[in-house]
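K.L.:
Dropping the sequence and predicted coords here.
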2 protein chains.
Amino acid sequence: MLSHEEGAAHRDRPTMRDVAALAGVGIKTVSRVVNGVSTVAPELVERVHAAADKLGYRPNLTAANLRRTGGRTDTIGLLLEDVSNPFSSAVLRAVEDYARERNVLVLASSLDENPQRERELIRALINRRVDGLIIMPAGDDHRYVFTEQQAGMSFVFVDRQPSPLLADAIVSDNRGGARAAVEHLLRTRRRTVGYFGDDLGIQTAKERFQGFTEALVDAGLRPDDELTRHGLRTTEQARHAARALLAAHQPQAVFTSQNLVTIGVVEALHELDLQHRVAIVGFDEIPFAAALQPGITVMAQDPVAVGRHAAGRLFDRMNGDDSPPKVHTIPTRLIKRGSGELTLPT
Amino acid sequence: MLSHEEGAAHRDRPTMRDVAALAGVGIKTVSRVVNGVSTVAPELVERVHAAADKLGYRPNLTAANLRRTGGRTDTIGLLLEDVSNPFSSAVLRAVEDYARERNVLVLASSLDENPQRERELIRALINRRVDGLIIMPAGDDHRYVFTEQQAGMSFVFVDRQPSPLLADAIVSDNRGGARAAVEHLLRTRRRTVGYFGDDLGIQTAKERFQGFTEALVDAGLRPDDELTRHGLRTTEQARHAARALLAAHQPQAVFTSQNLVTIGVVEALHELDLQHRVAIVGFDEIPFAAALQPGITVMAQDPVAVGRHAAGRLFDRMNGDDSPPKVHTIPTRLIKRGSGELTLPT
DNA sequence: CTGAAAGCGCTTACAG
DNA sequence: CTGAAAGCGCTTACAG
């Protein structure tokens, strides 16, 4: 057995050469057996398998790919907002399932809305020669995509699109969904609608606020700055903002632009015992929405569809599809559970 | 520029040779610059950087590691029950954060309690030469660990331990936590306690049921088969089981052994309007527990601590620590929110 | 300070 | 059907 350094990560791991020596064949015959090439004499196949088992041989995929034509690593990169966020982790799971059927593994990382981290991680993934990248982007500058595409890297964006459109993007219908959610709220003849949302610098937050505004304008209303809070990033921030706003001005209804914000605002409504008076529809599904009283009406996204479509596009691109980049919009779905259908006290 | 096959994943990507040629230096000088070795003339450093930028050069980390002493890939594998489950994804996030500080990326996959998938994925990860593996195991047969450890692979188990103990394990205090949870329930002088839990074949479910039983026995009670349901894997299964059981026999209190089960049982309690009569404590934290009425008392695990400790042990092992494997138990914490402290109607 | 040669573990291209 | 030589993109070990 070839001897490496002491304490090395893979010290003394047997190589094809070791297997070949023990089986009494050439290294190329071991290679054929390992790769399942059929033109090897059955007796040699047997001997190679015996030797490999005895030594605990494991083929080194990274070495194989170095010379192999096309040079795939059978690994893709997936950059998410936060792998522990329900939306992100559902996307991850869908991508993983699609990739696994094709014997591809997923390197997943969290960006936390940090553009610098986006660049560092993309570089780290490219240096490891992943076969493709799916990105829920934190930054706005995606010029690097162009250079890397030239070098053969495939990209697909999820949740937000790069601008200008340099790569495929799979996004939720943020504007249309938000608009439909607010239209739904207005159907109960409520006229004052509060808004709690994430940082407007985030593309999805901006689109959802646009949809919110459009629905109000269509109804002859307009957003009231006193009933509007942007920049909410956590449940706690949302809860505090909602407590303050609800105590000062009491809107008849509330629209929230993402899951963590919805949770915080709902908590505040319960703390102030307003949950049966102030209607609410949240964008994005939240856990436990049905167990609350009233149940929380949401405009649900479909993260599994987002992930599956993204993986599908990425694998198409990896397999040579070079049609112009397109944006694929995944519809959202209103789930009525009570909080958005409260009847106005007369 | 070296020319590869058409349609290759990394077609025409420039190599060190290309950079060296353009900069008019030897390949080794490029290597020195790329790796930040300081003994290079400033002028050459400049020329190499200029050439690399112009060509869009990206060092190939997998090729570098092939020859590099120790041969690390700066990648670890993490096998979880399901990356989209809140507990698993919190562990993933903690591992990711620990790894990132050390410039290591994480290959994450879901096992879905499938032992065959565990073996396949471990093989796939070893073939990619990850530097170490963190495993939330699905199977019970971990003999492969021994062979692979001999070959230099580092292992750490999370959530469940291998048996016999071949590798470090970071686990929650399942038995003690469950026991304390039930003791807490019994403090309100309730005497009949139902149990809803996962498949008893799962180590953690078994330990939690043990803790449940111990608490009852200590109080001079014993588990009642009619009030006990095992094998619940999803929220829906738990909800249906709870509806049926609560309609037939009405226990004064209920203990649930994991988060999805807790959610289903709580939903059933609300549907039957029993949430203020039947006390409940769930093992593992659930989202929104505070917004419900009553709030849901839980025995919370600490997935972030589990992940952080696991990553810490793994990196110690990867750095040569060869002390005997140990089990590290992470304490659980009772969070009182109302459902576990209901006073008995007199 | 710099670079030519050998090698990492495998596959390709080729000859027998 | 089988294997020796060359090469993948880098680093190591060495000589200048």
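P.N.:
That came through fine. Just so we're clear, the structure is a prediction, and the values are computed from it rather than from any experiment. Numbering: from 1, shown residues only, chains lettered A, B, ... in the order given.

K.L.:
and the lowest-mean-pLDDT helix or strand in chain A with DNA strand D, contact?
P.N.:
Using mean pLDDT, DSSP states H and E, helix A:144-150 stands out as the lowest-scoring helix or strand of chain A, at a mean of 86. No - using CB under 7 Å from any atom of the strand, we find that helix A:144-150 stays clear of DNA strand D, coming within 14.4 Å at best. Using the backbone N, CA and C atoms, a C-beta is placed for each residue, glycine as well.

K.L.:
what is the mean pLDDT for whatever helix or strand comes next after that helix?
P.N.:
Using DSSP states H and E, the helix or strand that follows helix A:144-150 in sequence is strand A:154-158. Regarding strand A:154-158, the rounded mean pLDDT is 96.

K.L.:
Quick check: next helix or strand after strand A:154-158?
P.N.:
Moving toward the C-terminus from strand A:154-158, the next helix or strand (DSSP H and E) is strand A:168-172.

K.L.:
Parallel or antiparallel, which strands does that following strand pair with?
P.N.:
Counting by DSSP bridges, the strands paired with strand A:168-172 are strand A:154-158 (parallel), strand A:327-330 (parallel).

K.L.:
which one of the ones you listed is the most hemmed in?
P.N.:
Mean neighbour count (mean count of other CB atoms under 10 Å in any protein chain shown) peaks for strand A:154-158 among the strands paired with strand A:168-172, with a mean of 27.

K.L.:
For that one, what is the distance to the chain centroid?
P.N.:
From the chain centre to the centre of strand A:154-158 is a distance of 11 Å (CA atoms, centre = their mean, to the nearest Å).

K.L.:
Extract the C-alpha set from it and format it as PDB.
P.N.:
The C-alpha trace of strand A:154-158 is given here as PDB (Å, rounded to 0.1, in the frame of the first residue of the first chain):
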ATOM      1  CA  SER A 154     -24.300  27.000 -15.500                       C
ATOM      2  CA  PHE A 155     -26.400  29.300 -13.300                       C
ATOM      3  CA  VAL A 156     -30.100  29.400 -12.200                       C
ATOM      4  CA  PHE A 157     -31.500  32.100  -9.900                       C
ATOM      5  CA  VAL A 158     -34.300  31.400  -7.500                       C
END
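
K.L.:
So which residues make contact with it?
P.N.:
Defining contact as CB atoms under 8 Å, 6 or more residues apart in numbering or on different chains, one finds that strand A:154-158 is touched by A:91, A:131-137, A:142, A:145, A:148-149, A:166-171, A:306-307, A:310, A:313-314, A:317-318, B:9.

K.L.:
Quick one: closest of the strands paired with strand A:168-172 to residue B:120.
P.N.:
With respect to residue B:120, and counting by CB to CB, the nearest of the strands paired with strand A:168-172 is strand A:154-158 at 25.2 Å.

K.L.:
quick one: low-confidence parts of the stretch 1-150 of chain A?
P.N.:
Within the stretch 1-150 of chain A, the ranges that satisfy pLDDT under 70 run A:1-11, A:69.

K.L.:
Near DNA strand D, which residues of it? Just list them.
P.N.:
Residues of the stretch 1-150 of chain A lying near DNA strand D (CB under 7 Å from any atom of the strand): A:25-29, A:32, A:39-41, A:44, A:63, A:66-67.

K.L.:
and if we set it to 6 Å?
P.N.:
A:25-26, A:28-29, A:39-41, A:44, A:66-67 (CB under 6 Å from any atom of the strand).

K.L.:
Buried among these? Make that a ChimeraX selection.
P.N.:
The ChimeraX command for the buried members of these (criterion: 16 or more other CB atoms under 10 Å in any protein chain shown) is given here:
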select /A:25,29,40,44
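
K.L.:
so which of the residues of the stretch 1-150 of chain A next to DNA strand D comes closest to residue A:248?
P.N.:
Checking those against residue A:248 by CB to CB gives residue A:66 as the nearest, at 64.7 Å.

K.L.:
Look up how far DNA strand C lies from the closest one.
P.N.:
Look at residue A:66 and DNA strand C: by CB to the nearest atom of the strand, to the nearest Å, they are 4 Å apart.

K.L.:
Contacts only, for that residue.
P.N.:
Going by CB under 8 Å, 6+ apart, the list of residues near residue A:66 reads B:62-63, B:66.
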